[in-house]
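> Sequence first, then the predicted structure:
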Amino acid sequence: MSYVDEVLELVRKKNASEPEFLQAVDEVLNSLRPVIEANEELYKREAILERIIEPERQIKFRVPWVDDKGQVQVNTGYRVQFNSAIGPYKGGLRLHPSVNTGIIKFLGFEQIFKNSLTGLPIGGGKGGADFDPKGKSDREVMAFCQSFITELYKYIGADTDVPAGDIGTGAREIGYMYGQYKRLTGLYEGVLTGKGLTYGGSLARTEATGYGLLYFTDEMLKSNGKSLEGKTVVVSGAGNVATYAIQKAWQLGAKPVTCSDSTGWIYDPDGIDVATLIEVKQVKRARLTEYKAMRPNAEYHEGKGVWTVKCDVALPCATQNELDLDDAKALVANGCFAVAEGANMPTTMEATKYFQENGVLFAPGKASNAGGVATSALEMSQNSERLSWTFEEVDSKLKNIMINIFHNADEAAKKYGCPGDYVAGANIAGFEKVVTAMLAQGVV
Ligand code: NDP
Ligand code: 2IT
């Protein structure tokens with residue numbers, strides 16, 4: 001049995017109840033086969049794969065807080081500090097009822113390679129809680145965030161572990177968490193990213209994941225003799241990533257026509273209006289039915305369905321496994337020629353394979369959504385030097401980083417005999433740097 005197969009068997013045995021984590025490991029290890037086979041003896045002796053699939057540390061804790069009726073509520077908090085070979089742990093905090101150990105481990109595992117791809121010195125981590133900010137008052141959200149940080153502050157710090165936003169964690173939550181961290185430690189340091197602009201946040205961090213996704217897509221299309229100009233783009237999600245992906249798609253000459261949330265989706269024949277979307281989702285924190293109310297020309301549909309809309313380019317920006325084989329077939333049948341992941345692992349393995357077999361350009365999230373964490377690392381740099389860069393400065397660094405990620409993934413895919421397979425290219429390019437650092441640092 002090959003080393004990769006041995007470790008896949010081990011990981012399945014040890015993590016049987018964590019399907020998303022197994023899915024992420026399966027995809028990465030399978031695509032690393034050519035690199036592992038070229039170094040099998042060394043990597044096996046050094047147990048590189050056994051080490052890379054085992055988090056350095058996992059923290060799981062109780063988060064008690066009091067709701068507006070005086071009732072005590074209890075959530076479970078998590079932080080997985082996965083790999084610090086190339087820098088302090090870095091990765092977001094997800095606040096969603098579906099959060100469990102397996103979800104946080106899959107996200108933390110992906111983050112190792114994504115962070116490596118950015119070219120910046122950040123290790124991989126992820127955290128969150130099964131708390132649902134939806135429908136909660138600001139005071140309830142603050143009570144939760146303060147309790148969450150009252151435990152987590154012991155394990156994080158500007159040079160050890162730097163959390164940020166993810167699903168359900170935006171500027172409001174980061175603000176409450178930062179305030180509590182500062183109160184407990186007395187430290188005014190860059191311990192969280194995605195902060196507000198008046199207390200250490202970076203310009204362009206809010207837009208970074210969505211903008212970065214489009215910079216990557218644009219470069220991938222150009223390298224394949226295509227362009228975004230005049231193309232119809234279908235987007236899922238209506239949160240941070242989706243909103244700014246839609247905005248940058250317009251700026252690059254494309255027409256984004258859909259968005260979605262967990263209850264329904266919008267098709268706007270005139271193209272999604274960003275100001276309306278921001279008003280509905282960020283100001284009113286309302287459902288997409290409100291978008292329809294403000295834009296009578298748009299259609300609102302209950303449930304899932306954006307992937308049935310005819311398009312040239314598809315950008316899944318909501319959540320994991322939101323695009324399955326049937327969706328992939330519908331997209332290909334409708335002429336879609338490029339898919340770039342804004343979310344983490346939104347495409348199932350069967351759907352990914354179907355796209356690749358049918359000549360669709362496919363960008364994996366750990367490469368195409370890395371603009372968020374890359375800009376978080378730029379926020380850390382600004383905090384360290386106690387300076388703020390202009391929007392243009394940050395945005396141009398972000399653009400360069402995304403272009404470099406594309407070319408690194410593209411070249412790694414060519415070098416290992418799978419040209420155009422950006423999934424393998426991204427995994428290989430991300431892995432090589434982490435492994436070099438792990439080998440240099442000995443058995444730790
Ligand atoms: P937000 O919370 O801002 O938005 C999430 C969006 O996805 C919402 O529209 C939400 O709908 C929808 N959604 C969430 N869960 C589900 C679900 N189970 N089924 C259907 N729709 C769902 O999160 P982000 O935009 O920050 O994150 C979106 C994705 O991008 C995630 O996979 C995240 O890990 C990834 N990502 C985020 C980065 C960032 O910087 N924020 C960076 C890189 C990746 P509703 O409002 O109804 O819940
Ligand atoms: O998935 C991700 O890369 C994020 N949620 C952003 C992490 C970060 O540290 O900015």
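Thanks, I have it. Ligands and ions are numbered 1, 2, ... in the order given.

> and the residue of the stretch 1-150 of the chain found nearest ligand 2, what element?
Proximity to ligand 2, evaluated over the stretch 1-150 of the chain using CB to the nearest ligand atom, is greatest for Gly92 at 3.0 Å. For glycine as for every other residue, the C-beta is placed from the backbone atoms N, C-alpha and C. If you go by DSSP states H and E, Gly92 is part of strand 89-95.

> Next up, the contacts around Val280.
Ala238, Ala286, Arg287, Leu288, Glu290, Tyr291, Met294 (CB atoms under 8 Å, 6 or more residues apart in numbering).

> Same question for Gln320.
Contacts of Gln320 (CB under 8 Å, 6+ apart): Glu20, Ile103, Phe106, Ala343, Asn344, Met345, Pro346.

> again with Ala328
Neighbouring residues of Ala328 by CB under 8 Å, 6+ apart: Trp307, Thr347, Glu350, Ala351, Thr352, Tyr354, Phe355.

> Closest to ligand 1 out of the residues you listed?
Using CB to the nearest ligand atom, Thr347 comes nearest to ligand 1 of the contacts of Ala328, at 11.4 Å.

> Is it correct that Val191 is in contact with Ala158?
Yes - using CB atoms under 8 Å, Val191 makes contact with Ala158 at a distance of 5.2 Å.

> and these two? which has more neighbours close in?
With neighbours defined as other CB atoms under 10 Å, Val191 and Ala158 compare such that Val191 has more, 25 against 16.

> near ligand 2, which residues of this protein show up?
Contact residues, the chain versus ligand 2 (CB under 6 Å from any ligand atom): Lys90, Gly91, Gly92, Lys114, Ala164, Asp166, Thr193, Asn344, Gly372, Val373, Ser376.

> same thing but 5 Å
Residues of the chain lying near ligand 2 by CB under 5 Å from any ligand atom: Lys90, Gly92, Ala164, Asp166, Gly372, Val373, Ser376.

> In these, find the pair that's most separated.
Maximum pairwise distance in these, criterion CB to CB, is 12.0 Å, between Lys90 and Asp166.

> my hunch is that Leu184 is in a strand, does that hold up?
No - applying DSSP: H, G, I helix; E, B strand; the rest coil, one finds Leu184 to be helix, outside a strand.

> quick one: average pLDDT of the helix or strand containing Glu411?
In the assignment (DSSP H and E), Glu411 maps to helix 391-415. For helix 391-415, the mean per-residue pLDDT is 98.

> Counting by contacts, list what the lengthiest strand in the chain packs against.
Longest strand in the chain by number of residues (criterion: DSSP state E): strand 72-83. Where contact means 3 or more CB pairs under 8 Å, 6 or more residues apart in numbering; DSSP states H and E, strand 72-83 is packed against strand 57-66, strand 89-95, helix 101-117, strand 123-129, helix 138-152, strand 161-164.

> Could you single out the most deeply buried of the ones you listed?
Comparing the helices and strands packed on strand 72-83 by mean neighbour count (mean count of other CB atoms under 10 Å), strand 123-129 ranks first with a mean of 30.
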